[in-house]
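fold the stuff below for me.
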Amino acid sequence: FKQKTAYEIRLSLVGSEMCIRDRIMGGLTVAFTVMLFLMDMHYQNSSIQQWTGLLIMAGSIVFGQLAFKKMNDGFISLGEGMKIGIGITALGSAIGIAYGIFQGSVLDPDTMTKAMDYAIEQAIQQNPEIGDEIVGAMEEAFEFFANPLISSSIGMAVSLFFGALISLLTGLALKKNRPA
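Residues are numbered from 1 along each chain as shown. Reported below is the predicted structural model:
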C-alpha cells in the first residue's frame, strides 16, 4: 500500500475539477440549444448562434484553465493549458452533440428539412436569379449531411479545431511555468 503525497492528491482533485468544467460547457450548450428549440430557431444556424457557441466554448476553457492554475499554486504550462482546453472541448461537445441527435431524432425529426428549406429560402432572397440546378445541389448536400454520423463527426472535428485554437491562445496568455 502506497500512501499518496499531497501533490498527488492535489492532481487527482484537479482532474475531478476538470470533469466539472466539461459538464459546464456541455450543459450551457444544451441549455442554449433548448432555448433555440423553444424559440423555433434551432435550424437557422445564424452567425449570432455560432458566435454564442464559440463564447460558451472559450469561457469554459478559460474557466477550466484558471481553476487548474489556482489549484496548481498559480502555475500552468502551455501543454497543461492545451490538454485542459481540448479535454473540455471534447467532452463538452460530445454532450452537445448527443443532445443534438436526441433533439433531431426525437423532439423534431424535421429539423434537417426545416434547415434546408430555410437555407434555400435565404439563398433565393439573396439571389433571386438562382437556378434550379443550384437549388438541387443544395438539397443533395443537405441530404448527405442529414446523416447523424456525418454531421456529428464534422461537428466534433470543427469543435476540436476551434477548441485547440482557443486553448493555444488562452494557454499562452495564462502560462506560468514552475521555477526549476
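
CA only for contacts and neighbour counts going forward, please
OK.

and the residue nearest the centre of the chain, what does it touch?
The residue lying closest to the centre of the chain (Cα atoms, centre = their mean) is residue 93, at 4.2 Å. When contacts are counted by Cα atoms under 8 Å, 6 or more residues apart in numbering, residue 93 is found next to 25, 26, 156, 159.

any idea how far the second one is from residue 96?
What that stands for is residue 26. 5 Å (Cα to Cα, to the nearest Å).

please apply the same query to the first one.
Computed with Cα to Cα, the distance linking residue 25 and residue 96 is 8 Å.

next one: residue 102
For residue 102, the distance to residue 96 - Cα to Cα - is 10 Å.

those two: who's more crowded?
Between residue 102 and residue 96, counted using other Cα atoms under 10 Å, residue 96 has the larger neighbour count: 25 against 13.

quick one, what contacts the more buried one?
Contact partners of residue 96, counting by Cα under 8 Å, 6+ apart, are 26, 27, 29, 30.

so the last one is in contact with residue 99, correct?
Just to be clear, that refers to residue 30. Yes: assessed by Cα atoms under 8 Å, residue 30 is found in contact with residue 99 at 6.6 Å.

follow-up on the earlier one: among the contacts of residue 96, which one has the most neighbours?
If you rank the contacts of residue 96 by neighbour count (other Cα under 10 Å), residue 26 sits at the top with 27 neighbours.
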